[in-house]
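**Q** Here is the input, now give the coordinates:
(2 chains)
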Protein chains: 2
Amino acid sequence: MHRTKVRVVEDALDANNTIARANRADFDHAGVTVLNLMSAPGAGKTSLLEAALARPLGGGARVGVLEGDVQGSMDADRLATHHIPVVQLNTGNGFGGECHLDANMVRSSLGQLPLDEIELLVIENVGNLVCPAEFRVGEDARAMVCSVTEGEDKPAKYPLMFRACELVVINKIDLLPHLEFDLDRLLYHLDAVNPNARRILTSARTGEGVEELRDWLAELVTRAPAVV
Amino acid sequence: MHRTKVRVVEDALDANNTIARANRADFDHAGVTVLNLMSAPGAGKTSLLEAALARPLGGGARVGVLEGDVQGSMDADRLATHHIPVVQLNTGNGFGGECHLDANMVRSSLGQLPLDEIELLVIENVGNLVCPAEFRVGEDARAMVCSVTEGEDKPAKYPLMFRACELVVINKIDLLPHLEFDLDRLLYHLDAVNPNARRILTSARTGEGVEELRDWLAELVTRAPAVV
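**A** Sure thing, here's the model as predicted:
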């Protein structure tokens, strides 16, 4: 029974990887760099994107967003008011209400995405620190947002997520004076699971660190593989 | 393919419910009331339990905790320093690193739990607002913690979780003066998905609301079904 379960999970991940490679080929063909952006619920992914994408990126790369949620379109609506091209993908709409995006869900949205008009696609994953890290969707890079309000221990408790990401954005730092939060302790736990992760400290509210995040996004586009 | 997936999921939930009923029978037999406590990562479940269980509950009910995490025992260690009987359950330890507890995982821990010495068992689930709500584990009641730092929109984005719980603890209210957070807006979204949910506003840090939570826990024990 246990063996069967392991095999089913492995088969599912294999199938996912096959579709992720097909997505990746389509993104490469369209010359679009793709970022898979993950976090716990309420860490501030959408607020950061609003702050970072309110003005054109350095280098002029145009950006689109694929907004993943179990249900609803609140975040997509927020981004649309900033005239950011955004497509909503609900896992509750024919995908069993899954707690993460997978390659097949992203593939189902390809036809709605304006791939010919953008150079960077940000996929905002479902808020969850576990399963989104297990499913590749055809991305070039993975980043996560970690809010200081969540405590210092999250890298130790959710190591796969922190290990999967090359960038960890530490958000809501405007609240630090009001928290018993030891930044060094968070970084200690992060170093233990992913010492090479780039770290950017941000506050979507005050704008602190947002320019550094914008620079990272602009650089991500330039380091993408050449258009097929 | 899609039909097969639906059937596999339904079979898995049926199997889970069968084991959950067996757990429930064992808990009833031991005269233990069980609370399934859920939240997003970092909402403050453990801090609230530390605050609420530092002194004996009214009515004298003894409390044990089953601590669910993907990995590690940081929360269990915290609770153990308060002399609260606690058993660690890691989903990364033979359960595939699942993002939630299920009835079988809880069943595997029954032998370690001091059921004869407690009247209330709090099962602290994995931090996740999606899947934990789908898996019954044999509990009498389900409650969740929602931090005001997560924003007002969470009931609309994760309706199944908010609907599954009879109590919603709104935590970290000491931070309200420092946030752009509209409590009425959170309650509006909560009313839309679960108007009957009891709400308790708390701060684990200042202790505000903790007495109300302790009263709720004490009352939960007294309303449990009679011992089989």
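**Q** make it CA atoms for all contacts and neighbour counts henceforth
**A** Will do.
**Q** Residue A:56 and residue A:212: what is the separation?
**A** 14 Å (Cα to Cα, to the nearest Å).
**Q** phi, psi of the closest residue to residue A:164 other than its chain neighbours?
**A** Counting by Cα to Cα, 6 or more residues apart in numbering or on different chains, the nearest residue to residue A:164 once its immediate chain neighbours are dropped is residue A:133, at 6.3 Å. Main-chain torsions, residue A:133, degrees, to the nearest 10: phi -70, psi -20.
**Q** tally of neighbours for residue A:133?
**A** Neighbours of residue A:133 under the rule other Cα atoms under 10 Å in any protein chain shown: 26.
**Q** Does it touch residue A:160 like I think?
**A** Yes. In this structure residue A:133 lies within contact range of residue A:160 using Cα atoms under 8 Å: 6.7 Å.
**Q** for stretch A:88-95, the distance to its chain's centre please.
**A** 17 Å (Cα atoms, centre = their mean, to the nearest Å).
**Q** same question, stretch A:200-213
**A** 16 Å.
**Q** Let me know whether that stretch sits next to chain B.
**A** No. Using Cα under 8 Å from any Cα of the partner chain, we find that stretch A:200-213 stays clear of chain B, coming within 9.4 Å at best.
**Q** Residue A:38 should be in a strand, yeah?
**A** Yes. With DSSP: H, G, I helix; E, B strand; the rest coil as the criterion, residue A:38 is located in a strand.
**Q** who are the neighbours in contact with it?
**A** A:45, A:124-129, A:132-133, A:142-145 (Cα atoms under 8 Å, 6 or more residues apart in numbering or on different chains).
**Q** Would you map the helices across chain A?
**A** A:2-30, A:45-53, A:74-80, A:103-109, A:154-157, A:159-164, A:183-193, A:210-222 (DSSP state H).
**Q** Point out the residues in chain A that sit beside chain B.
**A** Contact residues, chain A versus chain B (Cα under 8 Å from any Cα): A:6, A:40-43, A:69-72, A:96, A:98-99, A:128-131, A:149-151, A:154, A:156-158, A:175, A:178.
**Q** Find the residue at the geometric middle of chain A.
**A** The centroid of chain A falls nearest to residue A:37 when counting by Cα atoms, centre = their mean (0.5 Å).
**Q** From chain B, how far off is residue A:110?
**A** Residue A:110 sits 19 Å away from chain B, going by Cα to the nearest Cα, to the nearest Å.
**Q** show me where pLDDT drops low in chain A?
**A** Applying pLDDT under 70 to chain A picks out residues A:1-6, A:224-228.
**Q** Just flag the most distant two among the contacts of residue A:38.
**A** Every pair in these was compared (Cα to Cα); the two farthest apart turn out to be A:45 and A:133, at 15.6 Å.
**Q** one step back: can you select the buried ones among the residues of chain A next to chain B for me in PyMOL?
**A** Applying 16 or more other Cα atoms under 10 Å in any protein chain shown to the residues of chain A next to chain B, the buried members can be selected in PyMOL as follows:
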select buried, chain A and resi 40+41+42+43+69+70+71+72+98+99+128+129+130+131+149+150+151+154+156+157+158+175
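**Q** The residue nearest to residue A:164: what's it in contact with?
**A** Applying Cα under 8 Å, 6+ apart, the residues near residue A:133 are A:38, A:160, A:161, A:164.
**Q** For residue A:53, see how far away the last one is.
**A** Going back to what we said before, that points to residue A:164. 24 Å.
**Q** residues touching the closest residue in space to residue A:204 that isn't next to it in sequence, list them.
**A** Distances taken as Cα to Cα, 6+ apart place residue A:48 nearest to residue A:204, at 5.1 Å, with adjacent residues excluded. Residues near residue A:48 by Cα under 8 Å, 6+ apart: A:203, A:204, A:210.
**Q** again, but for residue A:65
**A** By Cα under 8 Å, 6+ apart, residue A:65 lies in contact with A:84, A:85, A:86, A:87, A:121, A:122, A:123, A:124.
**Q** at 10 Å instead, please
**A** A:34-35, A:49, A:76, A:79-80, A:84-88, A:113-114, A:118, A:120-124 (Cα atoms under 10 Å, 6 or more residues apart in numbering or on different chains).
**Q** Could you do residue A:106 as well?
**A** Counting by Cα under 10 Å, 6+ apart, residue A:106 has contacts A:19, A:20, A:23, A:66, A:68, A:89, A:113, A:123, A:137, A:138.
**Q** in terms of contact, does residue A:197 touch residue A:162 like I think?
**A** Yes. Contact criterion Cα atoms under 10 Å: residue A:197 and residue A:162 qualify, at 8.3 Å.
**Q** Return every residue with contacts to both of the two.
**A** Residues touching both residue A:197 and residue A:162 (Cα under 10 Å, 6+ apart) are A:143, A:168, A:190, A:191.
**Q** Pipe the residues you listed into a markdown table and attach neighbour count and distance to residue B:62 per row.
**A** Putting those into a markdown table (neighbours: other Cα atoms under 10 Å in any protein chain shown; distance: Cα to Cα, whole Å) gives the following:
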| residue | neighbour count | distance to residue B:62 |
| --- | --- | --- |
| A:143 | 20 | 44 |
| A:168 | 24 | 41 |
| A:190 | 23 | 37 |
| A:191 | 16 | 39 |
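**Q** what's the spacing between residue A:23 and chain B?
**A** For residue A:23 relative to chain B (Cα to the nearest Cα), the value is 20 Å.
**Q** wait, isn't that residue in contact with residue A:107?
**A** Yes. Look at residue A:23 against residue A:107 with Cα under 10 Å: they come within range, at 6.3 Å.
**Q** Have a look at these two and say which one is more surrounded.
**A** residue A:23 (21 against 17).
**Q** who's in contact with that one?
**A** Residue A:23 is in contact with A:17, A:29, A:103, A:104, A:106, A:107, A:110, A:136, A:137, A:138, A:139, counting by Cα under 10 Å, 6+ apart.
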